[in-house]
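K.L.:
3D model of this:
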Amino acid sequence: MNKKYGLLFLAMVVMQPILAQQIVLKKGTILQALPINDSVPDTFSLYLPTNFTTEKKWPLLMVFDLEGKEKQTMSMFLHAAENEGYVLAAPKLSDSISLSSNMLVTGMTLDKVLNMLPIGKSRIYAAGAGSGGRFANLVPLFAKDVKGALSIGASIANIELLSPKRPFHFIGISNKNNYNYTSMRAMKKVLDRFRFPNQLLLYPLSGEWPGTEYLSKALQYFKLQAMRGNIVPMDSSYVQKNFRDDLDKINELKSLKKFLLAEQHIVEMTSIYGAFKNLDSLRIVQKEIRKDRIYKAMKRGENAAMLKESLLKEDYQYYIEEDVITHNFNNLGWWNYQMTELEKFVNGTNPYEKEMGNRLVGYVNALAEDNIDIIQSEELIDEDALAFLYMLKTVLEPKNFDFYLQIISLSAKNEDYGTALFYLEEVLKKGFKDRDKLYTLKDTGLLRIDPKFNEVVFKYLNDARYEINEE
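P.N.:
Numbers count the residues shown, from 1 in each chain. Got it, this is the predicted structure:
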């Protein structure tokens, strides 16, 4: 056994020379708040598969979350990591600090894990969902040891950073209700042009997270690509087993008449298994699906919905930019009408327009939130533009109480008590119940002692507090 890993058994003990601190690394459990080094406060979480041993090198999946939920995010990968034999590591990152700072913590975490564990340097991958996925997509561009990215519901943010001289394996996972689906689909064409190995796995259910089978499939594809590049030894039985599993998936989708998903899965199979076996029989199945009249009708319906979606997205982007610049509060009625129209798509019977409606709802919300982030990051904040966007968010997400409270706070700060009282009543009508939170809102000291404020609170909560002390 290599002396470097001689202390690693069922539980591993790593000595920290300066602090003489012991860290016991147990298998099969998430270990949190492990120090990166003694000179910085940054930490990371770690997971070792239950069959971990120091007798071989292991692939590493670095999991990213920017919202302080790295343990929850890591836990979503546990079954896949167990099934496919991956070590997981998750640095503690934050969206409140710069990209470069987060990337620095990522690099230090990677160095720490490589010094602690027997990791195969050619099998290090990044993974995440949403904002974590967008960050994971950038990691291979800045960390040369990271060979691939697994991105759930997020495309590559900046294609200008891609270089054919620095390829990495990209695997996207999405469903067709996710507003990033169309951009992820478009990204495949870019990656194909750059000759990056890539796959897009589509799961049929709504929600941010796919099932374990899709996460496991992504990790399998990473291994198969490593075999293709002679990074790991060829294992014919492993290839054949996964190929049969994929064939079973196609047959299942065909039996359910989900021909678009079946054809898409064949495309991805072709890209990953072409180096291992003759795929003529698979191509015949693909041709049969494409000739099927039901498939053709489905394809026409999806293409028509996507064309309509692209036109609507152009309108939404144009009008939100104009409204923010001109502080066009009068256009909130137009936005309310647009949401009514999108709800018709979402609740309609056309499955492709239903998916389109869900994507567009997500797209408009993302547009509004991106604009909020941009304005808040400016040295001189345009509070009128911010107020418009907060009001817009109450139209886009009527049950998200945070934006009502933001308007109340911002309006009270600017002594616009009429607007503050209006949105106070609106949020209470929608079901907000946290009386204490209302009486501690920032910049509302004078508003809270206004009898009208207390009357509205009492009307909906049957209890009010006349707060005299100003903050």
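K.L.:
okay, CA-based contacts and neighbour counts for the rest of this
P.N.:
Noted.
K.L.:
Just give the nearest non-adjacent residue to residue 260, would you?
P.N.:
The shortest distance from residue 260 to any non-neighbouring residue, by C-alpha to C-alpha, 6 or more residues apart in numbering, is to residue 295 (6.7 Å).
K.L.:
quick one: that neighbour and residue 263 touch, right?
P.N.:
No - if you go by C-alpha atoms under 8 Å, residue 295 and residue 263 don't touch, sitting 9.1 Å apart.
K.L.:
which residues are in contact with both of those two?
P.N.:
Shared contacts of residue 295 and residue 263, defined by C-alpha atoms under 8 Å, 6 or more residues apart in numbering, comprise residue 289.
K.L.:
Which one of these two is surrounded by more residues?
P.N.:
Between residue 295 and residue 263, residue 263 has the larger neighbour count (other C-alpha atoms under 10 Å), namely 22 against 18.
K.L.:
May I ask you to name the longest strand in this structure?
P.N.:
Taking DSSP state E as the criterion, the chain has its longest strand at strand 119-129.
K.L.:
Tell me the strands beside it, with direction?
P.N.:
strand 58-64 (parallel), strand 146-152 (parallel) (DSSP bridges).
K.L.:
I'd say residue 79 and residue 214 touch.
P.N.:
No - between residue 79 and residue 214 there is no contact, the gap being 11.0 Å when judged by C-alpha under 8 Å.
K.L.:
Just the strands from this structure, written as ranges.
P.N.:
Counting by DSSP E, the strands of the chain are 11-16, 21-26, 30-35, 43-47, 58-64, 87-91, 119-129, 146-152, 169-174, 198-202.
K.L.:
If you average pLDDT over each of those strands, which is lowest?
P.N.:
Ranked by mean pLDDT, the strands of the chain bottom out at strand 11-16, with a mean of 42.
K.L.:
one step back: closest one to residue 358 among the strands of the chain?
P.N.:
strand 169-174 (13.3 Å; C-alpha to C-alpha).
K.L.:
and the closest one, what other elements does it pack with?
P.N.:
strand 146-152, strand 198-202, helix 212-228 (3 or more C-alpha pairs under 8 Å, 6 or more residues apart in numbering; DSSP states H and E).
K.L.:
Let me have those in CSV, adding mean neighbour count as columns.
P.N.:
What follows is those, written out as CSV (neighbours: other C-alpha atoms under 10 Å):
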stretch, mean neighbour count
strand 146-152, 27
strand 198-202, 23
helix 212-228, 20
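K.L.:
Which one, of these, ends up nearest to residue 133?
P.N.:
Short answer: strand 146-152, nearest of those by C-alpha to C-alpha, at 4.7 Å.
K.L.:
how long is stretch 224-240 end to end?
P.N.:
11 Å (C-alpha to C-alpha, to the nearest Å).
K.L.:
got the buried residues for that stretch?
P.N.:
Residues 224, 225, 226, 227, 228, 239 are the ones in stretch 224-240 that count as buried (16 or more other C-alpha atoms under 10 Å).
K.L.:
repeat for stretch 52-61
P.N.:
Here stretch 52-61 shows 52, 53, 54, 58, 59, 60, 61 as buried, counting by 16+ other C-alpha under 10 Å.
K.L.:
For the first one, which non-adjacent residue is spatially closest?
P.N.:
Translated: residue 52. On the basis of C-alpha to C-alpha, 6+ apart, the spatially nearest residue to residue 52 that is not a chain neighbour turns out to be residue 27, at 6.9 Å.
K.L.:
so how many other residues sit close to the one you found?
P.N.:
Using other C-alpha under 10 Å, residue 27 is surrounded by 20 other residues.
K.L.:
With residue 104 instead?
P.N.:
14.
K.L.:
same deal with residue 144?
P.N.:
13.
K.L.:
how close does it get to residue 78?
P.N.:
From residue 144 to residue 78 the distance is 25 Å (C-alpha to C-alpha).
K.L.:
quick revisit: of all pairs in the buried residues of stretch 224-240, which one is the farthest apart?
P.N.:
226 and 239 (11.8 Å).
K.L.:
picking up where we left off before, between the buried residues of stretch 224-240, which is closest to residue 325?
P.N.:
residue 225 (48.0 Å).
K.L.:
Could you find the closest non-adjacent residue to the closest one?
P.N.:
That would be residue 272: by C-alpha to C-alpha, 6+ apart, it lies 6.9 Å from residue 225.
K.L.:
my guess is the one you found meets residue 222, correct?
P.N.:
No - the pair residue 272 / residue 222 is not scored as a contact, 9.4 Å apart, by C-alpha under 8 Å.
K.L.:
Report how many residues lie close to residue 172.
P.N.:
Neighbours around residue 172, by other C-alpha under 10 Å: 27.
K.L.:
Oops, could you answer that again for residue 333 instead?
P.N.:
Neighbours of residue 333 (other C-alpha under 10 Å): 12.
K.L.:
Equivalent analysis for residue 143, please.
P.N.:
Neighbours of residue 143 (other C-alpha under 10 Å): 14.
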